[in-house]
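Novice: Let me see the structure of the following:
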Amino acid sequence: MNVKKMTNKKKIKTGLTIIAFIFPFIFIGPAVFLRGNMNNLQSLDSKNILFLIAGGIIMLIAILGLFIGLKKILDAIFEEKPNE
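Specialist: Model (predicted):
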């Protein structure tokens with residue numbers, strides 16, 4: 001029983017670490033994306049497209065990271081037996 005608690009605490013800590021690392025990307029992604037969209041897409045030069053693509057990739061990384069972190073936390077909470 002004690003081993004289960006230790007394993008679950010480690011998984012919860014890992015999930016929270018992932019979410020803490022991804023948290024700034026939640027704000028950086030939309031800011032970079034909107035920087036590329038400042039001219040309302042009237043002049044699509046390479047600089048604007050670069051910002052749009054980079055912002056989109058950062059936002060996808062943020063979403064995937066949040067899902068991975070939440071999955072680790074939920075697995076630790078609802079796990080029946082520890083994996084060793």
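Novice: following the helix ranked longest in the chain, which helix or strand comes up?
Specialist: Among the segments of the chain that qualify as a helix by DSSP state H, the longest is helix 2-36. Once the chain leaves helix 2-36, the next helix or strand it forms, by DSSP states H and E, is helix 46-78.
Novice: for the helix or strand bottoming out on mean pLDDT in the chain, packing partners?
Specialist: Across the helices and strands of the chain, mean confidence by mean pLDDT, DSSP states H and E is lowest for helix 2-36: a mean of 87. When contacts are defined as 3 or more CB pairs under 8 Å, 6 or more residues apart in numbering; DSSP states H and E, helix 2-36 sits against helix 46-78. All C-beta atoms are positioned from the backbone trio N, CA, C, and that covers glycine.
Novice: centre of the chain versus the helix it packs on, how much separation?
Specialist: Distance of helix 46-78 from its chain centroid, counting by CA atoms, centre = their mean, to the nearest Å, is 4 Å.
Novice: Please point out which parts of it sit buried.
Specialist: 48, 51-52, 54-55, 58-59, 62, 65-66, 69, 72-73, 76 (16 or more other CB atoms under 10 Å).
Novice: Quick check, I77 in contact with N8.
Specialist: Yes - counting by CB atoms under 8 Å, I77 sits close enough to N8 to count as a contact (7.4 Å).
Novice: Could you find the closest non-adjacent residue to A31?
Specialist: G55 (7.5 Å; CB to CB, 6 or more residues apart in numbering).
Novice: Format the buried residues of helix 46-78 as TSV; extra columns: distance to V32 and pLDDT.
Specialist: Formatted as TSV, the buried residues of helix 46-78 follow (distance: CB to CB, whole Å; pLDDT from 0 to 100):
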residue	distance to V32	pLDDT
N48	11	84
F51	6	89
L52	9	89
A54	5	94
G55	4	93
I58	6	96
M59	9	96
A62	11	96
G65	16	96
L66	18	96
G69	22	95
K72	27	93
I73	28	93
A76	33	89
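Novice: and which of the residues you listed is nearest to P24?
Specialist: Taking CB to CB as the measure, A62 is the one of the buried residues of helix 46-78 closest to P24, at 8.7 Å.
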